[in-house]
Each structure stands twice: as structure tokens, then as C-alpha cells.
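J.: This is a predicted model, with the sequence first.
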Amino acid sequence: MSDTSKSTRIGDLDAYLEECFREKPAEEVENFYGSWAETYDEEVSLFNYNGPKLITEAFAKLNVPEDAEIIDIAAGTGNVGIKLKEMGYKNIDALDGTKKMLEIARKKNVYRNFYHMFLGCGNKSPIKDGTYDVAISCGGIGPGHIPYSAFHEVLAMVKQGGLICWLTVNPNEGKEEESFKNLMAELTNNGKWKAVQDPIRFEEFFKKEFALFHVMKKL
């Protein structure tokens, strides 16, 4: 598919991104990404999206053993999984709220298990508590995607001493930023997790937007 045809399908890039990050019910999120799944890997380059490359390069510096059990949250079409496999990781599972995205990811042969579910919606998780050494998420936590309250569920999936890593745009000022800071403080003050390092800022996460890479350790 040429750049011209891709641009025509998406239309206004800024408007498309605005819709991507608009707060909406889980059903709308799945419809949005479901309609994008087949062409996502080709078209995401229109936004100069560098998320999978940035997060896996940062993750590599944590020196997590290659036999670690990893859950890729908001795995999408599997681009983070591909890079993790290239780094030597083999025990990787995928979780995403869009079934069609997971169908594309399945074809890439990098994940063992697939979980189609939305976090932060009150759904019962099929994942046993303390299953994973690492939960990793690229661009999936925040407005229009997974709510910050879902960190409670993510923590449950991870073993004591395990890592929760995510890369996403900084919360907007106002209620969104307040919600994020309150949740981070709540989990820290209640002894649920602690920061492994200060957040790392990456420029040009997509277009000219920066993103922060967070790493927390479950206590």
C-alpha cells in the first residue's frame, strides 16, 4: 500500500489521533481498533510511531532474564512481542481488548497465550494472580485506552518482586493528570509497588510527542 493510499484511508492524521485518544466506552475502543487491525502495521508509520523500538530498547537495560514470564498488555498486532523475541525472550503472552488485533498478532508466532479482555472495566480476569515476572505495555495505558485504575489488575498478575513497565504519553493537565498522580501515590504509599528508576523521557514517541518510560517493582 502506498503512502498516498494510506493517507487517503485515514484522512486527517490529527483528527484520527484525536479520535484515538478520545475517552470512549470499551465497545467503541474495540470497534475503532478492530476496523484498523488489518492495515495497522502499514499505516502506523504515518504517525512516525516509534513506541515498540523505544520501549524494548529501554527494557533491555533492565537486564531481565530471558526465561522471564512476560505479559504484553495492549499487545495490539504484536510489534512489541516481535522485538522481545528478537532479544531472546520466549515466554510472552498477549492481552488486548480488540479481538481482530490479537488475530493479527497470533500470525506472528511470538506469543504463547492470548487474552481478549479490557482492563479497568470490572471484568473477571482469566489470569491467575502472580503469574508473570514482567508486565509491559506500550502506548496502551491512558486516555482512550486502559484507565489508570487498571494498575490494580496489572499488579495482581505480577509476582512479588516483578516489574510493571510502560511507555506512554504524559497525562494531560487537569483531571487526567490528577487521576494518574493520585493512583501512583496510592499504590506507593500503600506499599504495593515502588519505582525502580526515575521515568525516562523519550522524544518523538509519535509525531513530535514525547513519552515517559516508567518501571515499578511489585512489593
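T.: Okay, I see it.

J.: elements contacting the longest strand anywhere in the chain?
T.: For the chain, the strand reaching the highest residue count under DSSP state E is reported as strand 158-169. Counting contacts by 3 or more Cβ pairs under 8 Å, 6 or more residues apart in numbering; DSSP states H and E, strand 158-169 packs against helix 51-60, strand 132-138, helix 151-157, strand 200-206, strand 209-218. Placement of C-beta: from N, CA and C, glycine included.

J.: same thing but at 7 Å, please
T.: Applying 3 or more Cβ pairs under 7 Å, 6 or more residues apart in numbering; DSSP states H and E, one finds that strand 158-169 makes contact with helix 51-60, strand 132-138, strand 209-218.

J.: Redo these as JSON lines? Include mean pLDDT, distance to residue 25 and mean neighbour count.
T.: Converted to JSON lines, the helices and strands packed on strand 158-169 look like this (pLDDT from 0 to 100; distance: least, Cβ to Cβ, whole Å; neighbours: other Cβ atoms under 10 Å):
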{"stretch": "helix 51-60", "mean pLDDT": "97", "distance to residue 25": "24", "mean neighbour count": "19"}
{"stretch": "strand 132-138", "mean pLDDT": "98", "distance to residue 25": "20", "mean neighbour count": "25"}
{"stretch": "strand 209-218", "mean pLDDT": "95", "distance to residue 25": "25", "mean neighbour count": "19"}
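
J.: Let me have these in CSV, extended by distance to residue 87.
T.: Output for those, formatted as CSV (distance: least, Cβ to Cβ, whole Å):
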stretch, distance to residue 87
helix 51-60, 6
strand 132-138, 12
strand 209-218, 16
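
J.: For residue 177, which non-adjacent residue is closest in space?
T.: If the residues on either side of it in the chain are set aside, residue 177 comes closest to residue 171, at 4.3 Å by Cβ to Cβ, 6 or more residues apart in numbering.

J.: The nearest residue to residue 10 once chain neighbours are set aside - how many residues pack around it?
T.: Leaving aside its chain neighbours, residue 10 sits nearest to residue 16 (5.1 Å; criterion: Cβ to Cβ, 6+ apart). By the measure other Cβ atoms under 10 Å, the count of residues near residue 16 is 16.

J.: got it, and residue 65?
T.: When neighbours are counted by other Cβ under 10 Å, residue 65 comes out with 9.

J.: State the distance from the nearest residue to it once chain neighbours are set aside to residue 194.
T.: Once flanking residues are discounted, residue 65 sits nearest to residue 133: 8.0 Å by Cβ to Cβ, 6+ apart. For residue 133, the distance to residue 194 equals 16 Å [Cβ to Cβ, to the nearest Å].

J.: same thing with residue 35?
T.: 40 Å.

J.: just residue 87 next, same as before
T.: For residue 87, the distance to residue 194 equals 25 Å [Cβ to Cβ].

J.: Would you tell me which helix is longest in the chain?
T.: Identified as the longest helix of the chain according to DSSP state H is helix 175-189.

J.: what's the average pLDDT for it?
T.: If you average the pLDDT over helix 175-189, you get 90.

J.: ok, and what's touching the helix or strand just after it?
T.: As assigned by DSSP states H and E, the chain's next helix or strand after helix 175-189 is strand 193-195. By Cβ atoms under 7 Å, 6 or more residues apart in numbering, the residues outside strand 193-195 that reach it are 155, 164, 187-188, 216-219.

J.: Return the set of buried residues in stretch 99-108.
T.: 100-102, 104-105 (16 or more other Cβ atoms under 10 Å).
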